[in-house]
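In: predicted structure and sequence below. I'll ask about it afterward.
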Amino acid sequence: MTADPQALRAAIELVTGAWRSQAVHVAARLRLPDLVAAGHHDTARLAAATGVDEDVVHRLLRLLALLGVFEADGDGGWRITPVGELLRDRPGSMRDTCLLYGEEFYRAWGHAEESLTSGTPGFDLAHGEPLLAYLAGHEETAGRFQRAIGDAGNAVFEAVPAALGPSGRQRVVDVGGGNGRLLAAVLAAAPDARGVLVDLPHTLPPARDHLAATVGLDRVELLGQDMFDAPLPAEGDVYLLSRVLGRWDDEHCVRLLGRVRDELKPEARLFVLDRMPTDDGTGMLAALWDLHLLVVEGGRERSLDDYRALLRRSGLALERVVELPLETKGLVAAAGAG
């Protein structure tokens with residue numbers, strides 16, 4: 001039987017996907033995008049700057065050009081592309097995401113088969129402890145993790161204020177707010193609003209830095225605490241839960257949602273952000289992150305119907321669904337019978 005050439009090519013691209021991601025990871029680690037952007041256009045200069053053999057650098061750049069990270073400049077050298085710009089070592093890029101997914105998460109995915117068949121997270125198998133415990137003990141990785149969440153979420157976060165609608169002197173509570181980028185985006189669009197960010201103590205330094213540089217610490221309160229144990233801030237007008245529920249089972253989700261519901265005034269609203277997989281042949285990002293959550297933390301992405309059920313069990317009523325960039329949905333809920 002002769003294989004269909006298109007199917008064969010598609011299969012080859014699937015099974016070599018890890019090679020591509022690792023080539024991009026090495027480029028980010030060596031800061032090749034920064035060097036090219038700074039004027040190191042020829043292979044010899046890039047080899048000298050990185051300390052890597054010139055032939056190896058050429059071979060790596062040849063592949064990266066085919067992947068869209070660089071392009072030939074017509075004079076035997078290289079220039080950076082918009083994709084390559086996203087991998088530079090500067091605020092707002094995706095370099096931290098690239099490093100995290102190419103190192104800690106890459107090793108976790110090396111245990112994907114055992115993780116998928118046994119239910120034990122691949123991160124635990126690769127690193128000897130769960131993700132949150134690991135981050136608490138590894139400051140550099142924890143900072144990278146928080147920045148990576150912001151790198152990938154910026155396009156989504158910038159669309160949230162419009163989805164929330166007009167806001168005045170509101171109190172915005174971001175539960176599990178991580179690096180503070182979502183809260184900063186919301187507060188930037190509402191100059192009279194004030195915010196509270198709740199997350200574990202080790203996550204707060206990147207949030208403090210970002211909020212200080214954007215909206216000012218005079219407008220925010222940072223609470224380093226466990227969102228399941230310590231009381232949640234009261235008197236909020238808007239409560240945010242962005243990509244928090246995916247790491248928890250249904251019972252934990254109902255518990256957390258119920259804690260938020262207990263703080264909701266009649267006019268207050270909960271805004272849940274997440275990717276929600278479907279079975280209609282669409283939603284590649286949601287399907288990818290669904291398995292990623294399983295491998296890394298034993299979690300899952302939930303469908304819209306799953307969320308309807310969780311909200312109903314928690315005494316919350318879903319009012320509307322907002323479409324956001326990168327296959328993300330925003331669920332607006334109020335206290336009610338569901």
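Out: It's in.

In: buried residues, the helix or strand hosting residue 222. List them.
Out: Residue 222 is part of strand 220-224, with elements assigned from DSSP states H and E. Residues of strand 220-224 classed as buried by neighbour count (16 or more other CB atoms under 10 Å): 220, 222, 223. The way it works is simple: take the backbone N, C-alpha and C, and place the C-beta from them, glycine included.

In: list the contacts of the last one.
Out: Under the criterion of CB atoms under 8 Å, 6 or more residues apart in numbering, the contact list for residue 223 reads 196, 197, 198, 199, 230, 233.

In: which of the helices or strands spans the first one?
Out: So the one you mean is residue 196. strand 194-199.

In: need the next SSE after that strand, C-terminal direction.
Out: Toward the C-terminus, strand 194-199 is succeeded by helix 204-214 as the next helix or strand (DSSP H and E).

In: which residue ranges of the stretch 1-150 of the chain form helices?
Out: Counting by DSSP state H, counting those that start in this stretch, the segments of the stretch 1-150 of the chain that form helices are 5-15, 17-29, 32-37, 43-50, 54-66, 82-85, 95-102, 104-109, 112-118, 122-127, 131-137, 139-164.

In: so which residue is dead centre in this structure?
Out: The structure's the chain has its C-alpha centroid closest to residue 149; by CA atoms, centre = their mean the separation is 3.4 Å.

In: relative to residue 241, how far out is the residue nearest to it when sequence neighbours are not counted?
Out: If the residues on either side of it in the chain are set aside, residue 149 comes closest to residue 178, at 5.3 Å by CB to CB, 6 or more residues apart in numbering. According to CB to CB, to the nearest Å, residue 178 stands 11 Å off from residue 241.

In: any idea of the mean pLDDT in stretch 25-35?
Out: Mean pLDDT, computed over stretch 25-35, is 98.

In: would you mark the buried spots in that stretch?
Out: For stretch 25-35, a neighbour-count test (16+ other CB under 10 Å) marks 25, 26, 27, 28, 30, 31, 32, 33, 34, 35 as buried.

In: how many neighbours does the residue nearest to residue 149 have?
Out: By the measure other CB atoms under 10 Å, the count of residues near residue 178 is 26.

In: surely it touches residue 200?
Out: No: distance between residue 178 and residue 200: 9.5 Å, which falls outside the contact criterion (CB atoms under 8 Å).

In: residue ranges with poor pLDDT in the stretch 1-150 of the chain?
Out: Counting by pLDDT under 70, the low-confidence segments of the stretch 1-150 of the chain come to 1, 150.

In: what average pLDDT does the strand holding residue 222 get?
Out: Averaged across strand 220-224, the pLDDT comes to 96.

In: got it, and stretch 184-204?
Out: For stretch 184-204, mean pLDDT rounds to 93.

In: okay, how far is it across it, tip to tip?
Out: Taking CA to CA, to the nearest Å, the first and last residues of stretch 184-204 lie 14 Å apart.

In: distance check, residue 16 against residue 211.
Out: 41 Å.

In: actually residue 165, sorry about that
Out: As judged by CB to CB, residue 165 and residue 211 stand 23 Å apart.

In: over to residue 227?
Out: Here the criterion is CB to CB. By it, residue 227 lies 18 Å from residue 211.

In: more neighbours: the two, which one.
Out: residue 211 (24 against 20).

In: tell me the contacts of that one?
Out: Going by CB under 8 Å, 6+ apart, the list of residues near residue 211 reads 180, 183, 184, 197, 217, 219, 220, 222.

In: which residue comes closest to it once chain neighbours are left out?
Out: Using CB to CB, 6+ apart, the nearest residue to residue 211 is residue 180, at 4.6 Å.

In: go on, residue 259?
Out: Ranked by CB to CB, 6+ apart and with sequence neighbours excluded, the top spatial neighbour of residue 259 is residue 232, at 5.5 Å.

In: what does residue 193 give?
Out: residue 170 (4.5 Å).

In: still on that earlier bit, for the residue nearest to residue 211, grab the count of nearby residues.
Out: Neighbours of residue 180 under the rule other CB under 10 Å: 29.

In: does it touch residue 207 like I think?
Out: Yes: in terms of CB under 8 Å, residue 180 counts as a neighbour of residue 207; the distance is 3.4 Å.

In: mutual contacts of those two, please.
Out: Listed contacts common to residue 180 and residue 207 are residue 197; contacts here mean CB under 8 Å, 6+ apart.

In: which SSE is residue 291 in?
Out: Using DSSP H and E, residue 291 falls within helix 284-297.

In: list the buried residues for stretch 208-221?
Out: 208, 209, 210, 211, 214, 215, 219, 220.

In: report the two of the residues you listed separated the most.
Out: Checking the buried residues of stretch 208-221 against each other with CB to CB, the farthest-apart pair comes out as 209 and 219, at 14.9 Å.

In: tell me how far residue 265 lies from residue 234.
Out: Remark: distance between residue 265 and residue 234 (CB to CB) = 9 Å.

In: quick check: next helix or strand after the helix holding residue 291?
Out: Going down the chain from helix 284-297, the next helix or strand is helix 304-313, by DSSP H and E.

In: quick one: mean pLDDT for the helix or strand following that following helix?
Out: On the C-terminal side of helix 304-313, the closest following helix or strand by DSSP H and E is strand 316-324. Summarised as a single mean, pLDDT over strand 316-324 is 95.
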